[in-house]
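# Sharing a model that was predicted from the sequence below.
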Amino acid sequence: MISKGKMGRLAAAIAAAMALTPVAGSADNDFNNLQLLTQSQFETLSENLVAATAYKALAPAESLGALGFDIGLSISGTEIDEGIFDLASQGGWDLSTLPVPRLHVQKGLPMNVDVGAFYTGVPGSDIRFWGAELKYALVPGGIATPAVAFRAAYSKLEGVDEIDLSNRSIELTVSKGFAMLTPYAGVGRIYSDVEAVDVATLDSEEPEINRVYVGLNINLGMNLVVEADKTGDYTTYSAKVGIRF
(Lines give C-alpha, C1' and ligand atoms only; values in the text may rest on other atoms or scores of the structure.)
Protein backbone atom coordinates (compact mmCIF):
# COMPACT_ATOMS: atom_id res chain seq x y z
CA MET A 1 0.00 0.00 0.00
CA ILE A 2 1.13 3.59 -0.69
CA SER A 3 1.04 5.66 2.47
CA LYS A 4 -0.60 9.08 2.59
CA GLY A 5 2.80 10.60 3.29
CA LYS A 6 4.32 9.07 0.18
CA MET A 7 1.35 10.14 -1.93
CA GLY A 8 1.72 13.69 -0.63
CA ARG A 9 5.44 13.78 -1.45
CA LEU A 10 4.77 12.40 -4.92
CA ALA A 11 2.07 14.99 -5.61
CA ALA A 12 4.35 17.80 -4.45
CA ALA A 13 7.22 16.55 -6.62
CA ILE A 14 4.99 16.24 -9.68
CA ALA A 15 3.64 19.76 -9.18
CA ALA A 16 7.15 21.17 -8.82
CA ALA A 17 8.42 19.33 -11.90
CA MET A 18 5.49 20.54 -13.99
CA ALA A 19 6.08 24.11 -12.85
CA LEU A 20 9.73 23.88 -13.94
CA THR A 21 9.01 22.37 -17.36
CA PRO A 22 10.12 24.86 -20.05
CA VAL A 23 7.75 25.98 -22.77
CA ALA A 24 8.90 25.11 -26.28
CA GLY A 25 7.89 28.27 -28.10
CA SER A 26 4.30 28.88 -29.14
CA ALA A 27 1.35 26.86 -30.35
CA ASP A 28 2.63 27.49 -33.90
CA ASN A 29 5.04 24.58 -33.44
CA ASP A 30 2.94 22.33 -35.69
CA PHE A 31 4.67 20.98 -38.79
CA ASN A 32 2.55 22.77 -41.39
CA ASN A 33 5.37 23.55 -43.84
CA LEU A 34 6.54 20.00 -44.54
CA GLN A 35 6.21 20.64 -48.28
CA LEU A 36 9.30 22.87 -48.02
CA LEU A 37 11.50 19.95 -46.94
CA THR A 38 13.60 17.81 -49.23
CA GLN A 39 13.38 14.05 -48.74
CA SER A 40 16.76 14.12 -46.97
CA GLN A 41 15.55 16.83 -44.58
CA PHE A 42 12.36 14.89 -43.87
CA GLU A 43 14.48 11.83 -43.10
CA THR A 44 16.47 13.88 -40.60
CA LEU A 45 13.28 15.28 -39.03
CA SER A 46 11.83 11.78 -38.81
CA GLU A 47 14.87 10.36 -37.01
CA ASN A 48 14.93 13.34 -34.65
CA LEU A 49 11.26 12.82 -33.75
CA VAL A 50 11.85 9.10 -33.26
CA ALA A 51 14.62 9.90 -30.76
CA ALA A 52 12.21 12.10 -28.78
CA THR A 53 9.12 9.87 -28.93
CA ALA A 54 10.59 6.36 -28.59
CA TYR A 55 9.73 4.50 -25.38
CA LYS A 56 11.94 5.40 -22.41
CA ALA A 57 11.20 3.20 -19.40
CA LEU A 58 13.59 5.04 -17.02
CA ALA A 59 13.83 1.95 -14.83
CA PRO A 60 16.32 -0.80 -13.96
CA ALA A 61 16.10 -4.38 -15.23
CA GLU A 62 14.92 -6.04 -12.03
CA SER A 63 11.26 -7.06 -11.89
CA LEU A 64 8.87 -5.18 -9.62
CA GLY A 65 7.29 -8.41 -8.41
CA ALA A 66 3.62 -9.31 -8.34
CA LEU A 67 2.75 -6.57 -5.81
CA GLY A 68 5.12 -3.91 -7.11
CA PHE A 69 4.39 -0.50 -8.64
CA ASP A 70 6.51 2.25 -10.19
CA ILE A 71 4.65 5.57 -10.57
CA GLY A 72 6.31 8.85 -11.47
CA LEU A 73 6.74 11.93 -13.59
CA SER A 74 9.74 12.41 -15.83
CA ILE A 75 11.17 15.28 -17.84
CA SER A 76 13.33 14.57 -20.90
CA GLY A 77 15.24 16.92 -23.15
CA THR A 78 16.11 15.71 -26.67
CA GLU A 79 18.44 17.77 -28.84
CA ILE A 80 16.86 18.87 -32.13
CA ASP A 81 18.00 20.15 -35.50
CA GLU A 82 16.68 23.70 -35.10
CA GLY A 83 17.00 24.62 -38.78
CA ILE A 84 14.87 21.74 -40.00
CA PHE A 85 12.31 22.13 -37.20
CA ASP A 86 11.99 25.83 -38.04
CA LEU A 87 11.62 25.14 -41.76
CA ALA A 88 9.00 22.44 -41.17
CA SER A 89 6.95 24.70 -38.87
CA GLN A 90 6.31 28.43 -38.75
CA GLY A 91 9.63 29.20 -37.15
CA GLY A 92 8.40 28.62 -33.60
CA TRP A 93 11.20 26.25 -32.58
CA ASP A 94 13.56 28.67 -30.85
CA LEU A 95 15.14 26.04 -28.58
CA SER A 96 17.89 23.52 -29.26
CA THR A 97 16.21 20.95 -26.97
CA LEU A 98 12.70 19.50 -27.13
CA PRO A 99 11.33 19.29 -23.54
CA VAL A 100 9.03 16.33 -22.92
CA PRO A 101 7.30 15.63 -19.57
CA ARG A 102 5.90 12.11 -19.18
CA LEU A 103 3.60 10.46 -16.67
CA HIS A 104 4.80 6.86 -16.12
CA VAL A 105 3.05 3.86 -14.60
CA GLN A 106 4.60 0.39 -14.30
CA LYS A 107 3.06 -2.67 -12.63
CA GLY A 108 4.70 -5.91 -11.64
CA LEU A 109 3.08 -9.24 -12.51
CA PRO A 110 3.89 -12.83 -11.55
CA MET A 111 6.75 -14.75 -13.21
CA ASN A 112 9.11 -11.75 -13.48
CA VAL A 113 6.88 -9.88 -15.92
CA ASP A 114 6.20 -6.12 -15.75
CA VAL A 115 3.86 -3.99 -17.84
CA GLY A 116 4.01 -0.23 -18.19
CA ALA A 117 2.73 2.82 -20.01
CA PHE A 118 3.30 6.56 -20.33
CA TYR A 119 1.46 9.60 -21.65
CA THR A 120 2.75 13.06 -22.48
CA GLY A 121 1.99 16.40 -24.06
CA VAL A 122 4.79 18.74 -25.18
CA PRO A 123 4.38 22.22 -23.63
CA GLY A 124 3.55 25.00 -26.08
CA SER A 125 2.50 22.69 -28.90
CA ASP A 126 -0.18 20.22 -29.97
CA ILE A 127 2.31 17.33 -29.79
CA ARG A 128 1.09 14.42 -27.66
CA PHE A 129 2.22 10.82 -27.58
CA TRP A 130 1.78 7.68 -25.54
CA GLY A 131 3.45 4.32 -25.19
CA ALA A 132 3.22 0.88 -23.59
CA GLU A 133 5.74 -1.83 -22.68
CA LEU A 134 6.04 -5.48 -21.76
CA LYS A 135 9.19 -6.47 -19.86
CA TYR A 136 10.45 -9.90 -18.85
CA ALA A 137 13.34 -10.35 -16.42
CA LEU A 138 15.42 -13.11 -18.04
CA VAL A 139 17.65 -13.10 -14.95
CA PRO A 140 15.86 -11.81 -11.81
CA GLY A 141 19.10 -10.75 -10.14
CA GLY A 142 20.25 -11.25 -6.58
CA ILE A 143 22.85 -10.30 -3.99
CA ALA A 144 25.75 -11.40 -6.21
CA THR A 145 24.20 -11.40 -9.67
CA PRO A 146 22.85 -8.60 -11.89
CA ALA A 147 19.34 -8.55 -13.32
CA VAL A 148 18.88 -8.88 -17.08
CA ALA A 149 15.59 -7.98 -18.76
CA PHE A 150 14.13 -7.95 -22.26
CA ARG A 151 11.63 -5.21 -23.11
CA ALA A 152 9.29 -4.79 -26.08
CA ALA A 153 7.54 -1.42 -26.41
CA TYR A 154 5.34 0.69 -28.67
CA SER A 155 4.76 4.44 -28.85
CA LYS A 156 2.51 6.61 -31.01
CA LEU A 157 2.56 10.32 -31.89
CA GLU A 158 -0.79 12.12 -31.73
CA GLY A 159 -2.07 15.68 -31.98
CA VAL A 160 0.00 16.52 -35.06
CA ASP A 161 -2.20 16.35 -38.16
CA GLU A 162 0.74 16.71 -40.53
CA ILE A 163 2.77 13.67 -39.36
CA ASP A 164 1.79 10.07 -38.69
CA LEU A 165 4.49 8.42 -36.55
CA SER A 166 4.70 5.18 -34.58
CA ASN A 167 7.62 3.33 -32.98
CA ARG A 168 8.21 -0.31 -32.10
CA SER A 169 11.27 -1.15 -30.03
CA ILE A 170 13.12 -3.99 -28.40
CA GLU A 171 15.90 -3.67 -25.85
CA LEU A 172 18.04 -5.51 -23.33
CA THR A 173 18.72 -3.94 -19.93
CA VAL A 174 21.22 -4.94 -17.25
CA SER A 175 21.18 -3.57 -13.69
CA LYS A 176 22.73 -4.31 -10.30
CA GLY A 177 21.48 -2.91 -7.01
CA PHE A 178 23.79 -1.66 -4.26
CA ALA A 179 21.69 -0.70 -1.22
CA MET A 180 19.65 2.32 -2.35
CA LEU A 181 21.48 2.71 -5.67
CA THR A 182 20.80 0.70 -8.82
CA PRO A 183 22.88 1.61 -11.87
CA TYR A 184 21.67 0.21 -15.19
CA ALA A 185 22.53 0.22 -18.88
CA GLY A 186 20.93 -1.07 -22.03
CA VAL A 187 20.93 -1.36 -25.80
CA GLY A 188 18.01 -1.51 -28.17
CA ARG A 189 16.68 -1.14 -31.68
CA ILE A 190 13.78 1.07 -32.77
CA TYR A 191 11.65 0.37 -35.85
CA SER A 192 9.51 3.33 -36.91
CA ASP A 193 7.01 4.40 -39.55
CA VAL A 194 6.84 8.13 -40.35
CA GLU A 195 4.52 9.65 -42.95
CA ALA A 196 4.05 13.25 -44.05
CA VAL A 197 0.27 13.39 -44.34
CA ASP A 198 -1.05 14.78 -47.65
CA VAL A 199 2.40 15.93 -48.82
CA ALA A 200 2.84 14.42 -52.28
CA THR A 201 6.49 15.48 -52.57
CA LEU A 202 7.63 13.40 -49.57
CA ASP A 203 7.81 9.62 -49.35
CA SER A 204 7.26 7.81 -46.06
CA GLU A 205 10.31 7.01 -43.95
CA GLU A 206 10.97 3.80 -42.03
CA PRO A 207 13.88 4.55 -39.72
CA GLU A 208 15.63 1.69 -37.95
CA ILE A 209 17.75 3.24 -35.24
CA ASN A 210 19.98 1.90 -32.47
CA ARG A 211 19.57 3.16 -28.91
CA VAL A 212 22.05 2.93 -26.03
CA TYR A 213 21.47 4.28 -22.54
CA VAL A 214 22.82 4.40 -18.99
CA GLY A 215 20.98 5.40 -15.87
CA LEU A 216 20.88 5.38 -12.09
CA ASN A 217 17.89 4.58 -9.89
CA ILE A 218 18.05 6.08 -6.37
CA ASN A 219 15.40 4.93 -3.92
CA LEU A 220 15.25 7.07 -0.79
CA GLY A 221 11.56 6.52 -0.08
CA MET A 222 10.99 8.93 -2.95
CA ASN A 223 12.38 7.21 -6.05
CA LEU A 224 14.68 9.21 -8.33
CA VAL A 225 16.05 8.24 -11.76
CA VAL A 226 18.54 9.98 -14.02
CA GLU A 227 19.32 8.67 -17.49
CA ALA A 228 21.23 9.59 -20.64
CA ASP A 229 20.55 7.92 -23.98
CA LYS A 230 21.83 8.16 -27.52
CA THR A 231 19.27 7.32 -30.20
CA GLY A 232 20.85 7.52 -33.63
CA ASP A 233 22.59 10.91 -33.75
CA TYR A 234 20.52 12.49 -30.97
CA THR A 235 21.12 12.63 -27.23
CA THR A 236 18.39 12.73 -24.58
CA TYR A 237 18.79 13.47 -20.88
CA SER A 238 15.97 12.44 -18.55
CA ALA A 239 15.05 12.64 -14.88
CA LYS A 240 12.15 10.95 -13.11
CA VAL A 241 10.69 11.36 -9.63
CA GLY A 242 8.08 9.07 -8.11
CA ILE A 243 7.50 6.00 -5.98
CA ARG A 244 8.86 2.50 -6.68
CA PHE A 245 8.18 -0.46 -4.41
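Looks like it came in fine.

# now the strands for the chain?
Taking DSSP state E to define them, one finds strands in the chain at 69-79, 97-109, 113-121, 128-139, 147-158, 163-175, 181-196, 208-220, 222-231, 234-244.

# Quickly list what Leu73 is bridged to.
Each beta-bridge partner of Leu73 is listed here: Leu103, Val241, as defined by DSSP bridges.

# In this structure it contacts Phe118, no?
No. Counting by CB atoms under 8 Å, Leu73 sits too far from Phe118 to count as a contact (9.8 Å). Placement of C-beta: from N, CA and C, glycine included.

# The two: which is more packed in?
A direct count of neighbours by other CB atoms under 10 Å for Leu73 and Phe118 places Phe118 higher, at 25 against 22.

# Wait, the more buried one touches Val105, no?
Yes. Taking CB under 8 Å as the contact criterion, Phe118 and Val105 are neighbours in contact, 7.5 Å apart.

# what about this protein, any weak spots by pLDDT?
Low-confidence segments of the chain, defined by pLDDT under 70, are located at 1-29, 91-94.

# Quick test: name the residue nearest the centre of it.
With distances taken as CA atoms, centre = their mean, Lys56 lies nearest the centre of the chain, 3.3 Å away.

# State the distance from that residue to Ser169.
10 Å (CB to CB, to the nearest Å).

# One more: Ala117?
14 Å.

# what about those two, which has more around it?
Regarding Ala117 and Ser169, a neighbour count based on other CB under 10 Å identifies Ser169 as having more, with 23 against 17.

# from memory the more buried one sits against Ala57, does it?
No. Taking contact to mean CB under 8 Å, the distance of 10.0 Å between Ser169 and Ala57 leaves them out of contact.

# and for the two, which residues touch both?
Common contacts of Ser169 and Ala57, defined by CB atoms under 8 Å, 6 or more residues apart in numbering, comprise Arg151, Ala153.
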